[in-house]
Every structure is written in structure tokens, then in C-alpha cells.
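**Q** test case, fold it:
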Amino acid sequence: MVAIRSDSQLVLFGRLFWMMLGPAVLFVCAVLILNAPRTGWGTIADIVYWIAAAGMVFGRYVEHRGGDPHTSTGEPATDRDLRRYAIVALIIAAVVWVVANVISNYVL
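**A** Take a look at the predicted model:
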């Protein structure tokens, strides 16, 4: 595995993306999905949503490999923490996406 320096611009961008930019993009895409009733499940907003969700996991991975990752309690993050983040983040993203699409396509 190639180590990435902890002061790398890539590590900084990865950290910013998984913490702030990615969730903001997911929120905007979910709102766009909700505001476009009966457009189906494969719109541009849906595609961007999943790219951002994958980008969040990748950003966390980049930070984990090259930065100084910590858990919310301040302890050093382990590979197990990274796996747990990836699973939980993708499950939550999937639930929000399905709910937004169901509301948009079947309720509104």
C-alpha cells in the first residue's frame, strides 16, 4: 500500500469531502429529487447522489490511509472504524435515497 503524506492536499480534500462537501451534495440532491415529482429513479440528481456517497467513503479512506484519523472520542481510528463508517454511511445514504424517491415518485 502506498502511503500518502499526512500534510497532503489530497488528504485535506478527502477530509473536507467526507465531513462537509459530501453531505452537502447529498442534501442538495435529495432536495432536487423531492422537488422533481414523477421523474423516475435514474435522474441526474440520483447519479450525482451516489457519486457523492461513494466519494464520501473514498474521502474517508484517503484520510485514513494518509492523515491522522481519529474517532469522535479522539482515539486513533482503526481499519474497523473505517469499515464501520463505510457500511453505516452507505446504508443511511440508501435509506434517504429510497425515501426521497418514494415520496417524489409515488406520494407527490
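**Q** for residue 59, what are its contacts?
**A** For residue 59, the contacting residues are 13, 14, 15, 16, 17, 18, 22, by CB atoms under 8 Å, 6 or more residues apart in numbering. In this view, the C-beta of every residue, glycine as well, is placed from N, C-alpha and C.
**Q** make a PyMOL selection of whichever of these turn out to be buried.
**A** Those of the contacts of residue 59 that count as buried under 16 or more other CB atoms under 10 Å are selected in PyMOL with:
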select buried, resi 14+15+17+18+22
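**Q** so how far is the helix or strand of the chain at the bottom of the mean pLDDT ranking off the chain centroid?
**A** In the chain, the helix or strand scored least confidently by mean pLDDT, DSSP states H and E is helix 9-16, which has a mean of 89. With CA atoms, centre = their mean, to the nearest Å as the basis, helix 9-16 stands 14 Å off its chain's centre.
**Q** which is the succeeding secondary structure element to that helix?
**A** helix 22-34 (DSSP states H and E).
**Q** give me the contact list for that following helix.
**A** With CB under 8 Å, 6+ apart, helix 22-34 has contacts from 43, 45-46, 48-49, 52-53, 55-56, 59, 93, 96-97, 100-101, 103-104, 108.
**Q** model confidence for the spatially closest residue to residue 8 that is not a sequence neighbour, exactly?
**A** With CB to CB, 6 or more residues apart in numbering as the criterion, residue 8 has its nearest non-adjacent residue at 5.6 Å, and that residue is residue 66. Here, the pLDDT recorded for residue 66 equals 86.
**Q** for residue 66, give its distance to residue 33.
**A** 33 Å (CB to CB, to the nearest Å).
**Q** neighbour count winner among these two?
**A** It is residue 33, of residue 66 and residue 33, that has more neighbours when counted by other CB atoms under 10 Å, with 23 against 20.
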